[in-house]
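Visitor: Next come a sequence and a model predicted from it.
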Amino acid sequence: MSDLNFSKEETKRLSELLKYAYDAIDYWFEGCDVDDTTFNENISKKTECEYFINKIDKQE
């Protein structure tokens, strides 16, 4: 796998996109009555977003 090279502007945009996705997942499923599998999957997706947001933000 090759290294990805992003400009500072692209890195910022990617971070903002991940934050938006995190918030959207949180908003969409807040208070929803979903089965445990879907609930756990959403927690997993939020955790993945958080991981990459933190990794990106540390580089800025």
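Guide: Done, it's in. Numbers count the residues shown, from 1 in each chain.
Visitor: ok, now how distant is the closest residue to residue 11 other than its chain neighbours from residue 13?
Guide: Nearest residue to residue 11 in three dimensions, chain neighbours excluded: residue 56, at 5.9 Å (C-beta to C-beta, 6 or more residues apart in numbering). For glycine as for every other residue, the C-beta is placed from the backbone atoms N, C-alpha and C. From residue 56 across to residue 13, the span is 10 Å (C-beta to C-beta, to the nearest Å).
Visitor: Which of these two has more residues huddled nearby?
Guide: residue 56 (17 against 12; other C-beta atoms under 10 Å).
Visitor: which helix of this protein spans the most residues?
Guide: In terms of residue count, the longest helix belonging to the chain (DSSP state H) is helix 36-59.
Visitor: ok, and residue 3, which helix or strand is that part of?
Guide: Using DSSP states H and E, residue 3 sits in no helix or strand.
Visitor: count of residues packed around it?
Guide: Neighbour count of residue 3, defined by other C-beta under 10 Å: 4.
Visitor: Find the residue closest to residue 53 in space, skipping its chain neighbours.
Guide: Nearest non-adjacent residue to residue 53, counting by C-beta to C-beta, 6+ apart: residue 18, 4.9 Å away.
Visitor: Revised request: answer the last question for residue 26.
Guide: The shortest distance from residue 26 to any non-neighbouring residue, by C-beta to C-beta, 6+ apart, is to residue 46 (6.6 Å).
Visitor: Am I right that that neighbour is in contact with residue 25?
Guide: Yes: here residue 46 reaches residue 25: they are 5.4 Å apart, a contact under C-beta atoms under 8 Å.
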